[in-house]
Structures are given as structure tokens and as C-alpha cells.
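Enquirer: how would this look folded up:
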Amino acid sequence: MIRIRPILVSERHSDRGKVSLQIVNHWIEELRSIPYGFTKAWKTPAETGSGAPADCKAKAVALYDRMKEHGLTDMRLIIGKRTSTSRSTHAWVEWETDGSKYVLDPTINWMACRSGDLRSSSYVPYYAFVGARKYRAVQSTLVAQN
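Expert: Model (predicted):
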């Protein structure tokens, strides 16, 4: 986590204007095409972009970084379970824009999914990272943690 902390806490915002959902979906496709390969260590976006196999953590952080680099806001890096019965944890990005909330999972999906269209047993959050803040999920809500 220490390796990616600068990405989470940076205040990068550009003046590139509004980025469409279509462009975000293109970024998801690019990351989804990278072969899957689990590592214990968190990879940086540069390492993920090298084309070497990457896991859900690496792909989610790379997407979060790219979105932040293009001035997008209202994003959270989420650690949780892909389904309530999953044995291992999973990482993805949640993004709110134009009144809709999306799950962006460049490991499993080829495009953004509206949160409301997913089953309640899918994408179960444990923690969310928003900038320097960490939140933990409590009964379907996120609570600030120090």
C-alpha cells in the first residue's frame, strides 16, 4: 500500500474538460486486456502499463490514477469481495458522475456497470480509499477511519 499512497493522495487535476463514460470504458478495456497475474505487492500504474501480468489491485490503481490524471473526481478505490461468497478479496473503482454511481472493474468487466444494475451480493466493499482517507464498510455504508 505504501507504494501507491502517493497516487491516492496526490491532488492532480487537469483542465482537459469533461471525460465521457465512453472514454472511461476505453481505459477499462485497455486494462482488462492485460493478462491477469497475482502479486502480493501493490504495483504502480507505470508497472501495470508495462504490459506484464497484473492483478485486480494493479488494474484498479492504474484506472484510478488515469481518471485522476484527467481531472475526474468523486472516485473511490475499493477493497472488498467480488461476490459475497468469494474466498479472496478484490479491488475496483467506484465513480459517481451525472447522478449515477458506477462500478469500474478492469479485471472482470469490459465496461462500467451501474451500481443499481448489480445484484446486492456483488461488489461487497470492505474498505474505500478517497485521497488520504480510508473508510470501512459498516452495514452497506462507508465510515471514516484514521
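Enquirer: so where is the protein shaky, pLDDT-wise?
Expert: Applying pLDDT under 70 to the chain picks out residues 12-17, 139-146.
Enquirer: Which helix or which strand is home to the residue sitting nearest the centre point of it?
Expert: Nearest residue to the geometric centre of the chain (C-alpha atoms, centre = their mean): residue 93, 2.3 Å. With elements taken from DSSP states H and E, the one containing residue 93 is strand 90-97.
Enquirer: who touches the residue nearest to the centre of the chain in this structure?
Expert: 60, 63-64, 67, 75-78, 103-105 (C-beta atoms under 8 Å, 6 or more residues apart in numbering). Yep, even glycine has a C-beta here, placed from its N, CA and C like the rest.
Enquirer: For residue 4, see how far away it is.
Expert: 13 Å (C-beta to C-beta, to the nearest Å).
Enquirer: One more: residue 124?
Expert: Residue 124 is 22 Å from residue 4, by C-beta to C-beta.
Enquirer: Between the two, which has more neighbouring residues?
Expert: Between residue 124 and residue 4, counting by other C-beta atoms under 10 Å, residue 4 is the more crowded of the two (22 against 18).
Enquirer: doesn't residue 60 make contact with that one?
Expert: No. Residue 4 is beyond contact range of residue 60, at 9.8 Å (criterion: C-beta atoms under 8 Å).
Enquirer: Could you list the buried residues of the strand holding residue 93?
Expert: Within strand 90-97, the residues that count as buried by 16 or more other C-beta atoms under 10 Å are 90-95, 97.
Enquirer: Export these as JSON lines, with columns for distance to residue 113.
Expert: Output for the buried residues of strand 90-97, formatted as JSON lines (distance: C-beta to C-beta, whole Å):
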{"residue": "90", "distance to residue 113": "14"}
{"residue": "91", "distance to residue 113": "15"}
{"residue": "92", "distance to residue 113": "10"}
{"residue": "93", "distance to residue 113": "11"}
{"residue": "94", "distance to residue 113": "10"}
{"residue": "95", "distance to residue 113": "11"}
{"residue": "97", "distance to residue 113": "14"}
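Enquirer: Residue 25 falls within a helix, correct?
Expert: Yes. Residue 25: assigned to a helix according to DSSP: H, G, I helix; E, B strand; the rest coil.
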